[in-house]
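>>> fold the following.
(chains A and B)
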Amino acid sequence: MKLIAGVDIGNSTTEVCIGQMDLEGHIQFCSSASVNTTGTKGTVSNVIGIEKALAIALNKIDKNISHLTEIRLNEAAPVIGDTAMETITETIITESTMIGHNPYTPGGEGIGIGITIPLDKICFTNCNEQYIVLIPETVTYEEAARVINQNIDKINGAIVQADEGVLINNRLKKKIPIVDEVQFIEKIPVGMKAVVEVAAQGKTIKQLSNPYGIASIFGLDAEETKYVMHVAKSLIGNRSAVVIRTPKGEVKERVIPAGALFIQDTNRTIVKCNIDEGAQSIMEKINALGIIEDINGEPGTNVGGMLNKMKDGLAELTDRKMEDIKIQDLLAVDTMVPLDVKGALAGEVSMEKAVAIAAMVKADKLPMEKVAQTLEEKTGIKVMVAGVEAVMASLGALTTPGTKLPIAVLDLGGGSTDAALLDENGTVRSVHLAGAGQFITMLIDSELGLNNLSLAEEVKKNPVAKVESLFHIRMETGEVIFYEKPLAPKLFGKVVVITEKEMIPIDKKISMEKIVHVRQKVKRKVFVQNAIRALGKIAPLENIRNIPNVVLVGGSALDFEIPELIMEELSNFNVLAGRGNIRRTEGPRNAVATGLIMSFAEGQI
Amino acid sequence: MELDERLLEEIISRVMREINYRSEKLSKNNQKLNYKSVFEEIGIAKPSVDVKEVVVGIGPAFGITLHKTLSGLSHVDVLKEVLAGIEEEGMTPRVVRVTRSSDVAYMANQVAKLSGSGIGIGIQSKGTAVIHQKDLYPLTNLELFPQAPSITLDIYRQIGKNAARYAKGEVVTPIVIPNDLTVRPKYQVKAALMQIKETELVDRDGQFIEISTTFQKGSA
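Reported below is the predicted structural model:
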């Protein structure tokens, strides 16, 4: 009787499977385990993780490492991925023409038109004019209210530096619209015509978010109205806003010269692709080319720097020269990033367009032999490097009940999306694409503005809920869950991520709906797009419809919604797809390790 | 157990002693009400069902025997800022003096139970503050501000705002407070003395006293 271990070293996890073979060559699977990969995939530091995983798996069946006959390592696919992002637009306000922010609590309601004037000058004005008063932080709300009340007939609105809109409003005889929390109030030009609009609670402004609305207030002609389009656009969805007319002021959306990508294929054709054309155009060009040799960025531009930084990091990781690093695949995704508006007076944030890029680099061959040697020396057990990862994964995936040849395996990993097709003749076609779990984490982080990758990782993997009281939460599905004991006070009123162990509060003003929307959108953009791309490349005659069944494996196949999103899309091609269930017990995990043991059995017969 | 005459006598005399003690204490308390408070007291506070309400609970000595916090901020100013914060968020502030305890957590938790929204703020005379919720255990809290000398008037305004946001069920970002390591050695003695002064006025059977939110009575 022989005890064999299959070991699969992945970018993020190391999985082992223990099998027992009797004298007739029948394999019986005994145990399995999974631990985090120690060090970079394919380096000697992996050994620590392997030993740990073996010990866990063997312990389950009361054995130890010395009982093993052979340890089989996979010939890991030598691909390493990295991600980066660059914004391609920015919004600039010149000459302080507009304030379009959403203070939590503006005061009053309605539209007020008048000439801007500091509060302390209001008493010196005549009664024939209408004014908008500017109230700096140094004036208390009681004093501000008193002065406004004295001059209520000539004041139509107020702009306040401190967060005191409601406080002032509550003390006024007549209701006027008040925009507060305007940080740089001293920069507002005095003596200019201005409009203040505050919408009723639960509504958004109407007049100032409409270019014709602004035109009718300021009496603009057709040419001038064209220029206020950006002003109106950036005010959409706000509850309060101020627009001031100055001779030269305007709001611009500037496109940053982001640079171009040069994509070179194996026929030495080079295609130039501008980043600011957006992700869709980049992907079309990449997909149209055959096998990609290398991708470079235009030197001296944002994207050039971005790709160089990526290559530099990968060169360091694989201990090679930067010139030798070739990018073999690239996934570009359009995204929105919340950025501070330049020249803004109230810390306004605008959603800027950005392109996020995941790139994949092929190494010559990872030094797996070295890992094997070290492991053999340490354990005294024969260690073999056996089989290509794609083949092993297909073999393992075949143990899923209900599958047959030809079978396609879609490995949704952390660093790359890999696909392999195993047909009846035993030939395997495989492909590795850039963009997977880590890329999704980065996109969620930037699009929600979390600035916290570990929190973004949890948001990716788990559903969210809103804590409505200390005794009940409302899940994103609308379902309500009650608790016997009060929840932790730090969760009160928060949107929380429900992980298996705990609830993690998100200390930002982001609604539950927004989180769900962004999470699903990003997953679609990355995995659904990559699934179609990958299957298209390995499918017979490059037609996805020729693949009868697809098994999803890998860490991201454990995700609670990614498999469903992919299934939904693949059902359009009439392809049977589903989450793998390796050996009926393992779910989408352990495919490669299982495949390694099966290949051992075949070798023996 | 045998219930003879002597035992009965003993019980009666003990009960009488207790009753006398209580009435003595009560009369002492009534004297306490003669203390000069800078705040206008308008009666006994009752639980409310107004969900827009946030109740601020102040300590037994707040504005009576003590008038300034550890860092020298006037109690009137402190209370005014907290109320302004609540008002700015569109909620209704209410002020209640707690006499049963000088512990900030119990004060806050007790007033949270009077509050229609279930949210209460506790402020001790020395300036320590806490935001509480009625369903929480007293020694837990939503947000605690333990270093009284580090709390400025702006932060007191923020405390009012955050409490109101909890009451509205919004996502609240906790207030960031600078942590000053020298606070303890600098203020420990003063803090202890102030706490003793506050605790002197504690009456375990005391009432919750409603305080007028306009509280303009003399000093400002």
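>>> which ones are touching the nearest residue to residue B:147 once chain neighbours are set aside?
Ranked by C-beta to C-beta, 6 or more residues apart in numbering or on different chains and with sequence neighbours excluded, the top spatial neighbour of residue B:147 is residue B:183, at 5.3 Å. Heads up, the C-betas are built off the backbone N, CA and C, glycines and all. Contacts for residue B:183 (C-beta atoms under 8 Å, 6 or more residues apart in numbering or on different chains) come out as B:147, B:149, B:150.
>>> make JSON lines from these and add pLDDT to it.
Supplementary listing: the contacts of residue B:183 in JSON lines, determined by pLDDT from 0 to 100:
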{"residue": "B:147", "pLDDT": "89"}
{"residue": "B:149", "pLDDT": "90"}
{"residue": "B:150", "pLDDT": "89"}
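>>> most neighbours among these, please name it.
Within those, most neighbours by other C-beta atoms under 10 Å in any protein chain shown means residue B:149, with 21 neighbours.
>>> count the neighbours of the closest residue to it other than its chain neighbours for me.
Residue nearest to residue B:149 in three dimensions, not counting chain neighbours: residue B:71, with 4.3 Å by C-beta to C-beta, 6+ apart. Counted by other C-beta under 10 Å, the residues lying close to residue B:71 total 16.
>>> now residue A:126
Residue neighbour count, defined by other C-beta under 10 Å, stands at 6 for residue A:126.
>>> for it, phi and psi?
phi -90, psi 170 (degrees, to the nearest 10).
>>> thinking again about what came up before, now the contacts of residue B:183 in a markdown table, with secondary structure and distance to residue A:39?
Shown next, in a markdown table, are those (DSSP: H, G, I helix; E, B strand; the rest coil; distance: C-beta to C-beta, whole Å):
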| residue | secondary structure | distance to residue A:39 |
| --- | --- | --- |
| B:147 | coil | 44 |
| B:149 | helix | 49 |
| B:150 | helix | 44 |
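>>> ok, these vs chain A, which is closest?
residue B:147 (18.9 Å; C-beta to the nearest C-beta).
>>> phi, psi of the closest one?
According to degrees, to the nearest 10, the main-chain angles of residue B:147 amount to phi -90, psi 90.
>>> quick check: it touching residue B:182?
No. Counting by C-beta atoms under 8 Å, residue B:147 does not reach residue B:182; the two are 10.6 Å apart.
>>> what's the first helix or strand after the helix or strand of chain A at the bottom of the mean pLDDT ranking?
Within chain A, confidence by mean pLDDT, DSSP states H and E is lowest for strand A:250-255 among all helices and strands, at a mean of 64. Sequence order places strand A:260-265 as the next helix or strand after strand A:250-255, per DSSP states H and E.
>>> any idea how far the most centrally placed residue in chain A lies from chain B?
Among the residues of chain A, the one closest to the centroid is residue A:443, at 1.8 Å (C-alpha atoms, centre = their mean). Noted for residue A:443: a distance of 22 Å to chain B, by C-beta to the nearest C-beta, to the nearest Å.
>>> please apply the same query to residue A:539.
With the distance defined as C-beta to the nearest C-beta, residue A:539 ends up 46 Å from chain B.
>>> just the helices in the stretch 301-450 of chain A please.
Counting by DSSP state H, counting those that start in this stretch, the stretch 301-450 of chain A forms helices over residues A:302-318, A:368-379, A:389-397, A:437-448, given from the N-terminal end onward.
>>> quick one, which of the ones you listed gets closest to residue A:6.
When those are compared for distance to residue A:6 using C-beta to C-beta, the nearest one is helix A:389-397, at 8.0 Å.
>>> number of residues surrounding the nearest residue to residue A:372 once chain neighbours are set aside?
If the residues on either side of it in the chain are set aside, residue A:372 comes closest to residue A:383, at 4.4 Å by C-beta to C-beta, 6+ apart. Per other C-beta under 10 Å, the neighbour tally for residue A:383 reads 24.
>>> tell me who's in contact with residue A:383.
The contact partners of residue A:383, by C-beta under 8 Å, 6+ apart, come to A:70, A:71, A:72, A:73, A:372, A:373, A:375, A:376.
>>> just the buried ones among those residues, please.
Applying a neighbour-count criterion of 16 or more other C-beta atoms under 10 Å in any protein chain shown, the buried members of these are A:70, A:71, A:72, A:73, A:372, A:375.
>>> look at the residue nearest to residue B:147 and report its pLDDT.
As summarised for this prediction, residue B:183 has a pLDDT of 87.
>>> next up, the contacts around residue A:265.
A:271, A:289, A:290, A:291, A:292, A:293.
>>> same thing with residue A:138?
Listed by C-beta under 8 Å, 6+ apart, residue A:138 has no contact partners.
>>> how far away is it from residue A:189?
Using C-beta to C-beta, to the nearest Å, one gets 20 Å for the distance from residue A:138 to residue A:189.
>>> any idea what the residue minimising distance to the centre of chain B is bridged to?
What sits nearest the mean C-alpha location of chain B, by C-alpha atoms, centre = their mean, is residue B:58, with 3.0 Å. Partner residues in beta bridges with residue B:58: residue B:97, residue B:123, with DSSP bridges as the criterion.
>>> where does the stretch 101-250 of chain A dip in pLDDT?
Under the criterion of pLDDT under 70, the regions of the stretch 101-250 of chain A flagged as low confidence span A:247-250.
>>> who in it is up against chain B?
Counting by C-beta under 8 Å from any C-beta of the partner chain, the residues of the stretch 101-250 of chain A close to chain B are A:104, A:105, A:141, A:163, A:164, A:165, A:166, A:167, A:170.
>>> again with chain A
If contact is defined as C-beta under 8 Å from any C-beta, the residues of chain A in contact with chain B are A:104-105, A:141, A:163-167, A:170, A:468-471, A:486, A:488-490, A:492-495, A:506-510.
>>> domains for chain A, by residue range?
Segmentation of chain A into domains, based on automatic domain parsing, reads A:1-77+A:365-400+A:584-605, A:81-89+A:255-361, A:97-244, A:402-580.
>>> ok, the buried ones among the contacts of residue A:383 vs residue A:436, which is closest?
Where the buried ones among the contacts of residue A:383 are concerned, and distances follow C-beta to C-beta, residue A:436 has its nearest neighbour in residue A:73, at 22.1 Å.
>>> next, that closest one: phi, psi?
When quoted as degrees, to the nearest 10, the phi and psi of residue A:73 stand at phi -100, psi 150.
>>> and residue A:557, by the same measure?
Backbone torsions of residue A:557, given as degrees, to the nearest 10, read phi -70, psi -10.
>>> nearest spatial neighbour of it, skipping sequence neighbours?
Nearest to residue A:557 is residue A:588, by C-beta to C-beta, 6+ apart, at 3.6 Å.
>>> show the pLDDT at residue A:64.
81.
>>> kindly report the same for residue B:129.
The pLDDT attached to residue B:129 in the predicted structure is 95.
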